[in-house]
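Undergrad: Pasting the sequence and the predicted coordinates here, then a few questions.
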Amino acid sequence: MRLGSGTFAAGCVVIEVLGVALFLRGFFPAPVRSFSGPEHHAETPAPEPSAGATSNWTNRPPPLFSKVVIMLIDGLRDDFVFGSKGVKFMPYTTYLVEKGASHSFVAEAKPPTVTMPRIKALMTGSLPGFIDVVRNLNSPALLEDNVITQAWASGRRIIFYGDETWVKLFPRHFVEYDGTTSFFVSDYTEVDDNVTRHLDAVLKRGDWDVLVLHYLGLDHIGHVSGPHSPLIGRKLGEMDSILMRIHTSLLSQERETSPPSLLVLCGDHGMAERGGHGASSVEEVNTALLLISSAFERKPGDVRRPQHVQQTDVAATLAIGLGLPIPKHSVGCLLLPVVAERAMREQLRLLHLNAVQLCRLLQENVPSYEREPGFEQFQKSERLHANWVRLYLEDSHADVLLSLGSKVRRQYSDALRTLSLALSAQGAHYDVYSMLVGAVVVLEVLALLLLSVPQALGATAELDVPLSSPVSCLLFYLTLLLLGAVHVIVCTSAESSCYFCSLAWPAVATVLALASALLCAVASALTRTLVGGELLRRNPAHSGPRWPELDLLLLLGTLGHAASLGSSSFVEEEHQTWYFLVNTLCLALGHDICRRCFPGDDGDRAEWLAGAAPTRPDKSPRHDVLDLDQRRKGRSSLDALRGPEKWMVLASPWLVLSCCRLLRSLNHTGVQWAHRPDLGHWLASSHHKAELSVLAALCLLAIFMLAHRRCSPVSRVAMALGLLGVYCYRAATGHLLLPWQRESKGISKGIVEARFVYVFVLGLLFMGTKDLLKSRVIAADHTHQPTGLRDLHGGLVLLAALLVRPHNLPVLLCSLLVQAVMTRFVWRPLRHSAAEVTAMHYWFGQAFFYFQGNSNNIATVDISAGFVGLNTYMEVPAMFLTAFSTYAGPVLWASHLVNFLSSDTRSGTAPRGPWRPDKAAPAFASRARTGAPRPPFEETICPEDLQRPFRGSRHICVGLTRTAAAAGRSRFLRVSAGFTAADEPPGPAPHPPRQDSQNSRESALPFPLVPHRF
């Protein structure tokens, strides 16, 4: 079957998308869900178990609390309350934890630890997926069963102030609300004042049942300054005073006849050591949870230490406290200390309701639920509970009831915890079979593309896919039968649910047939390739040169990195892979430079220069053409270097290696090493602000020296003023000190200073764009050297200097230094090809991404960079600035690559394909004999390292022909062996070459060097 290139490419793309979708469906499995009845439908509660006696407890238990206040402090990790910071800055809260009527917990939040998924977990009790990280940017209405919806449906009046995410999740549930944006992290005062200003009036009114307050200031300070900033202590003190106001107001309004009130102090997530959040480090998942109520009065000597619980337990506890049904999708457990002071029968009743809800969820999501330990424990607890009810109704002895009731309560508690763990594990379970099928389809398509690329490049090319041959048909049927048998075995023996097994048989058969057909096509293409390679090996005339070692390193390193992404451990520690690859690259370059600078003998040099290209038996000129691109990449390119410049070439790889090793100590990243102290933490500390200020000033000065080279005078002035503005901005925000300033005073947002820098950034980008457009218009004038790309690169450098943290300025400086060193002393002298230079830029760009302190962990994203210079939340600029700050390393290296390739193209030193002198040289010679005018844009360039001495002061050159203005100077053509004597241009014959070391290279050339003047 023959397919056009367009049809083949379109089919591959469609199949690739289907394979990726199947893989992602297995990688992100469906969360645990209940399918019994519609959402928010209040089911009849399970009756109290009894053994032969009739129980009169069939209705839902009454509420435990009359009012509930939820005070959620964004980013409140556990040590802010229970650690030294809590003792120092939150005295009233510390008193409640140690001696007051409260129960304290350390609530573990499951990743992703971002705000919207954590709110869903608090209110639904379910485990949100990683797709909620994307939804966090624009939260849709929450349709799952949750505490807020149950309270609203039962007629409770709910008031909310704070993060507008709640308003988006519950758009019709609040009788009064005032939302504030959560993304403008530069604001940590007004965003909380907007919540507190409503507090006194609402507490006095008392016409509400649930009050939700979401404070954002603490999280914003963490994003901007980190968890050890002095601003953290001030904000914790402010939150402590607000908690005291709420608690005292609730106590003053309580009546003896009504149930008490409940005040919940909690955090949605923690805060990493760098100030971000989103991943699974201990600092990010451990949050403070404090339940305060007069019902929790403690006896003298009662010491209550914080217990470790799950954040999903809050939903079940709030629902029972308000007398509401537990959300259907909740995997949480009732916090037993909340009901510890209630009667034993009431405690067992509430625990039984929670256990029944979890067992129903287990039955609907786990096929083999009867073999689960938690289900067996529940059945045993229910039998013991029934016996206890029978004894209670028979008025048995109180001691017997207390002893048996304590045993039943303990049994229920164990069953709840086991059921919760089983459901949580089910929600985080990978569908390995679906992932494997999707990965096989994707790999088959990629293999077919790689094997078919040479035949499908042209627009009119056709690809022969031999699916109708007998061998292919037999292989297809055998593969299909084998895959079908494997599918049946896997689906019948699987203990957990599998998405691919749940599909209809026609869909499964289609996927299996597609995988079989792709395997046959890959086998056919591979066979054809191997047979062709064997024929080439038998015919030495078609054999090409061996791959250079550096090319092989770049190829194997890139492919090895791609293969490593199949392991989660390599993904978490991907920075180690790039550090190893970059270090290996530097060592390989150092070895290559040493070999070129110190060759073994003159014979090796002559053999290398001559190339000894294989020739065919026929003597046509096209078979004698030398590949000039191979010559330009050789050792002779270093022969023109003398003195210090040659030693700089030798030292350049080791200088780059030293820079990379220094940057590794600046920011520890990944999972295994992120918690270790590094130089960045030391510099960012408030105790070392003077040292950081000196370092930042020196780095900005060095950045100017490196970035302004070959720029226009106007661009240099703009760059200097912009970098000065960067230092002033960081001084205004309190990160750096001015020379006349001993300590930080009057910390501001730096709006004016940042916008001052933006003016010069936009100016550089505008001048660069204008120069590029101008060079397009006057492209024929090659005397004009455009600086547009350099101005654009300078603008990006200035923007990166503004957005990165001050302690990361050495990363930006080393990036520019490595670019300058590699350009001047490695890539140009060694004449690396465009593919090699591009691959090296890609490697260095990835390495500098991790040198910034970034990782595949969402917590390392510096959100504060998106609001530099903004005094209000603007979505598009904030997203652009955040993305640029995160990927500044790869972006700057990509920009430098464009500059390097374009500058080499203009100077004629860009890597090219082989030159055809058998076609070009006769044409020039013919024009010289006939006196025809020389084309105005043809000349031969002559790099210094290719010049050869000829007749004293004159030089001959082996060069490339390029387009340029007529210069009127002596130019020399390279004449190959295919250039016959009849075609040689007139002119004096060259003297015989001298037999010395200076002319040993010319004697080894397989063609004469003929000077010619245009």
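TA: Alright, I've got the coordinates.
Undergrad: The closest residue to residue 334 other than its chain neighbours: what secondary structure?
TA: Of all residues not flanking residue 334 in the chain, residue 354 sits nearest, at 4.7 Å (Cβ to Cβ, 6 or more residues apart in numbering). All C-beta atoms are positioned from the backbone trio N, CA, C, and that covers glycine. On the three-state scheme (DSSP: H, G, I helix; E, B strand; the rest coil), residue 354 is labelled helix.
Undergrad: Residue 354 against residue 325, yeah?
TA: No: under the criterion of Cβ atoms under 8 Å, residue 354 lies out of contact with residue 325, with a separation of 10.9 Å.
Undergrad: Residue 70 - that's part of a strand, no?
TA: Yes: secondary structure of residue 70 (three-state DSSP): part of a strand.
Undergrad: So what are the structural domains in this protein, by residue number?
TA: 2-29+431-538, 39-64+342-428, 68-329, 689-907, 917-1012 (automatic domain parsing).
Undergrad: will you turn those into CSV that also has distance to residue 570?
TA: Shown next, in CSV, are these (distance: least, Cβ to Cβ, whole Å):
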stretch, distance to residue 570
domain 2-29+431-538, 16
domain 39-64+342-428, 20
domain 68-329, 17
domain 689-907, 10
domain 917-1012, 42
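Undergrad: would a markdown table of the ones you listed with mean neighbour count, distance to residue 679 and mean pLDDT be doable?
TA: Converted to a markdown table, the domains of the chain look like this (neighbours: other Cβ atoms under 10 Å; distance: least, Cβ to Cβ, whole Å; pLDDT from 0 to 100):
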| stretch | mean neighbour count | distance to residue 679 | mean pLDDT |
| --- | --- | --- | --- |
| domain 2-29+431-538 | 15 | 36 | 78 |
| domain 39-64+342-428 | 17 | 36 | 85 |
| domain 68-329 | 20 | 14 | 90 |
| domain 689-907 | 19 | 8 | 87 |
| domain 917-1012 | 15 | 41 | 42 |
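Undergrad: quick one: which of these is nearest residue 556?
TA: With Cβ to Cβ, the closest approach to residue 556 among these belongs to domain 689-907: 11.2 Å.
Undergrad: If you drop the residues flanking it in sequence, what lies closest to residue 140?
TA: For residue 140, the nearest residue in space outside its immediate sequence neighbours is residue 168; the separation is 7.1 Å by Cβ to Cβ, 6+ apart.
Undergrad: Residue 141 is in contact with that neighbour, correct?
TA: Yes: taking contact to mean Cβ under 8 Å, the distance of 6.9 Å between residue 168 and residue 141 places them in contact.
Undergrad: residue ranges of the strands in the stretch 301-450 of the chain, please?
TA: Using DSSP state E, counting those that start in this stretch, the strands assigned to the stretch 301-450 of the chain run over residues 307-310.
Undergrad: actually the stretch 1-150 of the chain, sorry about that
TA: 2-4, 68-73, 102-108.
Undergrad: Of those strands, which is nearest residue 720?
TA: Once those are compared by Cβ to Cβ, strand 68-73 is nearest, at 43.9 Å.
Undergrad: Check which helices and strands that closest one sits against.
TA: Judged by 3 or more Cβ pairs under 8 Å, 6 or more residues apart in numbering; DSSP states H and E, the packing partners of strand 68-73 are strand 210-215, helix 230-253, strand 262-266.
Undergrad: Using PDB, write down the CA coordinates of the first one.
TA: Which is strand 210-215. Below are the C-alpha coordinates for strand 210-215, written out as PDB (Å, rounded to 0.1, in the frame of the first residue of the first chain):
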ATOM      1  CA  VAL A 210     -21.300  29.500  58.900                       C
ATOM      2  CA  LEU A 211     -18.600  32.200  58.400                       C
ATOM      3  CA  VAL A 212     -15.700  31.600  56.100                       C
ATOM      4  CA  LEU A 213     -12.600  33.800  56.200                       C
ATOM      5  CA  HIS A 214      -9.700  33.200  53.800                       C
ATOM      6  CA  TYR A 215      -6.600  35.300  54.500                       C
END
